[in-house]
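K.L.:
make a model of this:
(chains A and B)
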Amino acid sequence: AQSVSQHNHHVILSEAASLELGCNYSYGGTVNLFWYVQYPGQHLQLLLKYFSGDPLVKGIKGFEAEFIKSKFSFNLRKPSVQWSDTAEYFCAVNAPSGAGSYQLTFGKGTKLSVIP
Amino acid sequence: EAGVVQSPRYKIIEKKQPVAFWCNPISGHNTLYWYLQNLGQGPELLIRYENEEAVDDSQLPKDRFSAERLKGVDSTLKIQPAELGDSAVYLCASSQGGYKNIQYFGAGTRLSVL
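P.N.:
This next block holds a predicted model:
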């Protein structure tokens, strides 16, 4: 079965610090990759996605992620975080699950706390 | 454009009681998903619908969970009877379907079983 690993459970940063959240997945074939964000009290929202093409993708609010196929990784980055980035971040991978269907598998999430 | 709407937002019940959750997907989205999210975990798929048809329900505990999507729009997820371990957030998502699709999530229903 497909698995997604997020390396950090809780990250605490000061404002203006740089952010990198790790994500690795297990499926060896073609995948679609996503980062979702959940702000406190809100629903899951799409931050960015990778389907094909340029492995460096840019999302909303200054976030970007790099797909490295050889490392099965899709790490999320932001050069300078703000207090408003405090949220939980989920990496997700859409991959074949058998019988012609696909399934979106999520990591366990990384909680980011930004200190003003 | 309205997003995915779920109700209720919160539900507290005693064990062995039945409970139902309702979801209204984004207009035009023919694919609907129900996910379970336990504390400290990412969402896990319970069931996926393509229009009215449940095309992937392999992870739905069928002894106590059931779902329906009559007319291919709204959907209901039911638990009967509820157990203490069912306390979690139940998320609904919808998409236009296909491999390169984006799932949009509702706010979820937080269930507490006492």
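K.L.:
let me see the ranges of the strands in chain B.
P.N.:
B:5-7, B:10-13, B:19-24, B:31-37, B:44-50, B:53-56, B:65-68, B:75-79, B:88-95, B:104-105, B:109-113 (DSSP state E).
K.L.:
out of those strands, the one nearest chain A is which?
P.N.:
Nearest to chain A among these is strand B:104-105 (4.0 Å), distances taken as CB to the nearest CB. (Each C-beta comes from the backbone N, C-alpha and C, glycine too.)
K.L.:
so what strands line up beside that closest one?
P.N.:
Sheet pairing for strand B:104-105, assigned by DSSP bridges, gives strand B:88-95 (antiparallel).
K.L.:
any idea of the mean pLDDT in the strand it pairs with?
P.N.:
Averaging pLDDT along strand B:88-95 yields 97.
K.L.:
of the strands of chain B, which shows the lowest average pLDDT?
P.N.:
strand B:53-56 (a mean of 90).
K.L.:
contacts for that strand next, please.
P.N.:
A:97, A:101, A:103, B:45, B:47-49, B:67, B:69 (CB atoms under 8 Å, 6 or more residues apart in numbering or on different chains).
K.L.:
list buried residues within those residues.
P.N.:
With burial judged by 16 or more other CB atoms under 10 Å in any protein chain shown, the buried subset of those is A:97, A:103, B:45, B:47-49, B:67, B:69.
K.L.:
and the residues you listed as CSV, adding distance to residue B:92?
P.N.:
What follows is the buried ones among the contacts of strand B:53-56, written out as CSV (distance: CB to CB, whole Å):
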residue, distance to residue B:92
A:97, 19
A:103, 16
B:45, 12
B:47, 10
B:48, 11
B:49, 10
B:67, 10
B:69, 11
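K.L.:
for the residues you listed, which two are the farthest from each other?
P.N.:
Farthest pair in the buried ones among the contacts of strand B:53-56 (CB to CB) is A:97 and B:69. Separation: 19.7 Å.
K.L.:
the helix or strand of chain A with the lowest mean pLDDT pairs with which strands, and in what direction?
P.N.:
Lowest by mean pLDDT, DSSP states H and E among the helices and strands of chain A is strand A:101-106, with a mean of 89. Paired with strand A:101-106 in the same sheet, following DSSP bridges, are strand A:87-98 (antiparallel).
K.L.:
with only the CA atoms kept, save the partner strand in CSV.
P.N.:
This file holds the C-alpha atoms of strand A:87-98, laid out as CSV (Å, rounded to 0.1, in the frame of the first residue of the first chain):
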residue,chain,number,x,y,z
ALA,A,87,-1.2,25.9,10.7
GLU,A,88,-1.0,22.2,10.1
TYR,A,89,0.5,21.1,6.8
PHE,A,90,-0.3,17.8,5.0
CYS,A,91,1.5,16.2,2.2
ALA,A,92,-0.7,14.0,-0.1
VAL,A,93,0.0,11.7,-3.0
ASN,A,94,-2.4,10.5,-5.6
ALA,A,95,-1.4,7.1,-7.0
PRO,A,96,-3.0,4.0,-8.5
SER,A,97,-4.7,1.8,-5.9
GLY,A,98,-5.6,-1.1,-8.2
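K.L.:
and the strands in chain A, which stretches?
P.N.:
A:4-6, A:10-14, A:19-21, A:23-25, A:32-38, A:45-50, A:56-58, A:64-68, A:73-78, A:87-98, A:101-106, A:110-115.
K.L.:
cheers, nothing more for now.
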